[in-house]
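Peer 1: have a look at this fold, sequence not included:
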């Protein structure tokens, strides 16, 4: 096995001009795999390696070595490149890597704000009845109570808000429209904001967007992001404090209060329910935390 490995590394060095660090990484990966194979069969050759052997190595790296999926996939990339070289040289007739599926990377759990934290924040912002105070509070509530994206909030117009039916028309990704309902609390806040806006700029002013600056122009991404970040900083220490965190908070709160996954998917505008399923993991993490905090023997 060592002879073919040396030939491969020489090829990388002389033909592809790979760096010493890259060569070291390739060499280390191949030696690790050789050692794994030789534990079961000291006389094992590269031609005898099967897809099942590589799958067992993957399990060993993930479960016993505790490596991340990124590290395992890098090692598999080494084997994939190595076997392509062996095929090109005519030294093997079958590439076992062709039947190996790399492990999928775990999606990081989304950050979210707890319901109690959002309640506290909305209580804190209730007293500022200036135009900007009312607007900023409504932005927070709109994100949290409808789950819309930042771009969707910026795209809202007066015509897209139906106060009688209590719903908003949202232009989502790839120009797909959806209707999102809202409750009486948000209805009241929208009415109060529109009244405050009319008092400042005049009732018959034609606004291009629902949410406007103190100059009456449409708000931009950075302005909305700053409002959310500054306000979330008052009630949470999570690393991310963006509008998308409030979208995650909406979905998590819905799930925690027994909404079904398909309904949440439609409200969020996800094309696949698989995207929405990440929130089931968030909810489970919340459940584990509650258990640890509440159970005397946890």
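Peer 2: Perfect, I can see it now. Note that this is a predicted model, so its numbers are computed, not measured. Numbers count the residues shown, from 1 in each chain.
Peer 1: the protein: strands as residue ranges?
Peer 2: 161-162, 167-171, 177-181 (DSSP state E).
Peer 1: which of these sits most buried?
Peer 2: Highest mean neighbour count of the strands of the chain: strand 167-171, a mean of 19 (counted as mean count of other CB atoms under 10 Å). All C-beta atoms are positioned from the backbone trio N, CA, C, and that covers glycine.
Peer 1: count the residues that sit near the closest residue to residue 216 other than its chain neighbours.
Peer 2: Nearest residue to residue 216, sequence neighbours excluded (CB to CB, 6 or more residues apart in numbering): residue 201, at 4.8 Å. Using other CB atoms under 10 Å, residue 201 is surrounded by 15 other residues.
Peer 1: so what pLDDT did residue 201 get?
Peer 2: Confidence at residue 201, expressed as pLDDT, is 94.
Peer 1: residue 215 is in contact with that one, correct?
Peer 2: No. Counting by CB atoms under 8 Å, residue 201 does not reach residue 215; the two are 9.1 Å apart.
Peer 1: how much space separates residue 249 from residue 219?
Peer 2: Computed as CB to CB, to the nearest Å, the residue 249 to residue 219 distance reads 21 Å.
Peer 1: of these two, which one has the most company?
Peer 2: Taking other CB under 10 Å, residue 249 and residue 219 do not tie; residue 249 has more neighbours (24 against 17).
Peer 1: residue contacts, the more buried one?
Peer 2: By CB atoms under 8 Å, 6 or more residues apart in numbering, residue 249 lies in contact with 112, 113, 114, 118, 144.
Peer 1: now residue 239: closest residue in space, sequence neighbours ignored.
Peer 2: residue 111 is the one closest to residue 239 (CB to CB, 6+ apart), at 6.8 Å.
Peer 1: the one you found: what's it in contact with?
Peer 2: 238, 239, 240, 245, 248.
Peer 1: give me the phi and psi for the nearest residue to the first one once chain neighbours are set aside.
Peer 2: Nearest residue to residue 238 in three dimensions, chain neighbours excluded: residue 111, at 4.9 Å (CB to CB, 6+ apart). Dihedral angles of residue 111 (phi, psi; degrees, to the nearest 10) stand at phi -70, psi 150.
Peer 1: same question for residue 270.
Peer 2: Taking degrees, to the nearest 10 as the convention, residue 270 sits at phi -80, psi 140.
Peer 1: report the central residue of this structure.
Peer 2: residue 110 (5.7 Å; CA atoms, centre = their mean).
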